[in-house]
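[1] Below are the sequence and a predicted model; questions follow.
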Amino acid sequence: MKKSVSRRSVLAAGAAGMVLTNGVGRAFAQAAGKNINVAIIGAGVQGRILLRDALGIPGVRFVAACDIRKFSRDYAMGMIGKYNKRALGLPKEQQRPPVYDDFKALLADKKKLGLDAVVIATPDCWHAPITVAALEAGLHVYCEKEMAPTIEKSHGMVAAAKKSGKCCQIGHQRRSNPDYIETLKMIRETDLVGTIKTCYAQWNRRAGEKLTWTTPLPDADLKKWGFDSMDHFMNWRWFKKYSAGPIADLGSHQIDIFDWFLDAHAAELQANGTDDYYKDRAWHENVQCLYKYHTPKGDALAFYQVQNTNNFSNYFERFMGDKGTVIISEDRNSCYYVPQPGVQPPKWMMDADKVQTIAFDSAGNPSSILVDGYSLTSAFENKGGAAAEAMKLRSTNNVHKLHLMNFFASVAKDDPKLLNCPADIAYQTAVAVLSVQPALESGNKKKFTKADFHV
Ligand SMILES: NC(=O)c1ccc[n+]([C@@H]2O[C@H](COP(=O)([O-])OP(=O)(O)OC[C@H]3O[C@@H](n4cnc5c(N)ncnc54)[C@H](O)[C@@H]3O)[C@@H](O)[C@H]2O)c1
């Protein structure tokens with residue numbers, strides 16, 4: 001029985017509910033007798049998103065902000081000041097926190113500030129030095145992905161986290177996303193997909209212009225922090241000194257899902273890329289790679305593509321098994337299940353809203369229906385219980401906030417085992433991702449051993 005297509009209900013699900021799937025959210029609320037004092041380090045585009053989301057978490061207080069750029073420092077201080085005034089009603093003299101341009105000076109003041117944790121959203125090249133210094137200072141760390149531009153530096157972060165015993169969460173936020181967690185449960189517990197044989201993921205985006213600036217950073221500051229020019233400072237993602245390129249920037253999120261869902265590490269890797277569109281960037285803008293996995297259920301192939309010329313169908317991950325296909329994404333409109341012909345899904349799935357993937361003609365009008373599927377959001381709501389609660393949690397919190405909630409819940413209990421993406425898990429993804437460029441350059445098939453993934 002086919003319900004009429006309800007795009008409205010699929011969209012509505014995106015604005016409806018949200019859940020902390022491992023129950024840690026509740027634990028945090030209970031354990032939060034004492035505030036967690038935090039500093040943001042790196043308050044650019046992503047740092048401000050994390051700041052906005054973390055400010056709204058009960059028990060979290062931002063007591064300092066650090067950035068090498070005055071504009072970012074002022075921006076962060078403004079956000080924190082406004083929150084302290086309006087939401088917390090703090091007296092004027094307590095509203096605006098101290099700001100730092102040097103993370104070492106911030107860490108030296110940790111006692112004065114009563115600092116418990118730092119949230120790091122600098123360019124990738126600074127993740128490892130700041131994370132290691134903060135862990136050595138006895139602080140908990142939330143650090144954005146990609147861990148570091150090299151396997152060696154990522155390794156150092158894991159070693160420092162282990163030695164410190166502190167929480168070190170890496171920003172692969174899909175690991176705390178109920179849509180992903182419930183889908184993985186569905187794959188493992190209800191076998192709706194069957195044995196996964198092939199996986200595909202992509203991040204397709206348009207060619208974009210480089211970022212420009214109005215006020216340059218003084219030359220002395222650029223030099224002190226290792227940036228060769230303002231162009232490099234603004235567009236660090238495209239240069240080898242600061243980042244591992246689009247495959248790390250975007251691919252790290254999605255290649256992480258291959259490992260997680262397949263419950264295995266890659267065994268083999270081949271890669272290729274092109275770099276003929278932009279003339280002034282160091283990294284390949286289009287990269288494709290193919291992993292082979294030896295999973296507990298047999299061998300599987302996983303193909304990944306990052307593209308910077310054409311954004312057709314954007315970003316998602318797809319898992320295909322002998323019983324069905326699952327498409328999952330941070331975009332909730334792109335999360336659906338398609339059974340193989342002859343497979344009878346349970347009622348909670350059959351009653352879910354239908355999703356149709358459609359093609360568009362050059363005028364932007366729908367031209368043909370490609371596939372019928374069942375909305376995962378709607379299916380999990382129908383399933384009831386923990387799955388329905390998870391959908392409520394997801395619809396009332398954005399993806400970064402959920403990952404931060406998991407981090408602060410773990411900090412409140414001083415227990416790294418509660419983290420959804422601790423450094424050692426993120427390291428396994430970093431090894432798979434950061435091996436792409438060497439494989440691409442050598443043209444050889446990379447063969448991994450189990451030891452490659454462990455510190
Ligand atoms: N999880 C996600 O979905 C997601 C999304 C976007 C970006 N990110 C990650 O967030 C990080 C920041 O990305 P962005 O887009 O905000 O970059 P950005 O260039 O907009 O911001 C970086 C900020 O860090 C500051 N900075 C640079 N070096 C510093 C240092 N040594 N100490 C203190 N501050 C320093 C800069 O002045 C700037 O304000 C990157 O690691 C990126 O990969 C993650």
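    Looks like it came in fine. Residues are numbered from 1 along each chain as shown.

[2] Would you map the strands across the stretch 201-350 of the chain?
    When assigned using DSSP state E, counting those that start in this stretch, the strands of the stretch 201-350 of the chain occupy the ranges 266-274, 286-295, 298-307, 315-321, 324-328, 336-339.

[3] How far does the second one sit from its chain's centre?
    Here strand 286-295 shows a centroid-to-chain-centroid distance of 19 Å under the convention Cα atoms, centre = their mean, to the nearest Å.

[4] Tell me, how many residues neighbour the closest residue to the ligand within the stretch 301-450 of the chain?
    Closest contact between the stretch 301-450 of the chain and the ligand, by Cβ to the nearest ligand atom, is at His400 (6.6 Å). In short, each C-beta sits where N, CA and C put it, glycine included. The burial count assigned to His400 is 19, neighbours taken as other Cβ atoms under 10 Å.

[5] so it is in which element?
    Element membership of His400 [criterion: DSSP states H and E] is helix 399-412.

[6] Identify whichever of the strands of the stretch 201-350 of the chain lies nearest to Arg48.
    Of all the strands of the stretch 201-350 of the chain, it is strand 315-321 that lies closest to Arg48, at 21.7 Å by Cβ to Cβ.

[7] Could you please name the strands the closest one pairs with and the direction of each pair?
    Partners of strand 315-321 in the sheet, by DSSP bridges, are strand 196-204 (antiparallel), strand 324-328 (antiparallel).

[8] Return the most buried member of those.
    Of the strands paired with strand 315-321, the one with the most neighbours on average (mean count of other Cβ atoms under 10 Å) is strand 324-328, at a mean of 23.

[9] contacting residues for the residue of the stretch 101-250 of the chain found nearest the ligand?
    For the stretch 101-250 of the chain, the residue closest to the ligand is Glu144, as judged by Cβ to the nearest ligand atom, at 3.6 Å. Listed by Cβ atoms under 8 Å, 6 or more residues apart in numbering, the contact set of Glu144 reads 42, 46, 50, 120-122, 124, 127, 170-171.

[10] So for Leu107, what's the nearest residue that isn't a sequence neighbour?
    Excluding the flanking residues, the one nearest Leu107 by Cβ to Cβ, 6 or more residues apart in numbering is Ala137, at 4.7 Å.

[11] Show the model's pLDDT score for the one you found.
    pLDDT for Ala137: 98.

[12] Using TSV, lay out the strands of the stretch 201-350 of the chain together with mean pLDDT and distance to the ligand.
    TSV is the format used below for the strands of the stretch 201-350 of the chain (pLDDT from 0 to 100; distance: least, Cβ to the nearest ligand atom, whole Å):
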stretch	mean pLDDT	distance to the ligand
strand 266-274	97	19
strand 286-295	97	16
strand 298-307	97	13
strand 315-321	97	11
strand 324-328	96	16
strand 336-339	94	22
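
[13] For these, give me a markdown table that also has distance to Ile80.
    Formatted as a markdown table, those follow (distance: least, Cβ to Cβ, whole Å):
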| stretch | distance to Ile80 |
| --- | --- |
| strand 266-274 | 41 |
| strand 286-295 | 38 |
| strand 298-307 | 34 |
| strand 315-321 | 31 |
| strand 324-328 | 34 |
| strand 336-339 | 40 |
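
[14] Out of those, which gets nearest to Leu113?
    In terms of Cβ to Cβ, the element of those nearest to Leu113 is strand 315-321, at 38.0 Å.
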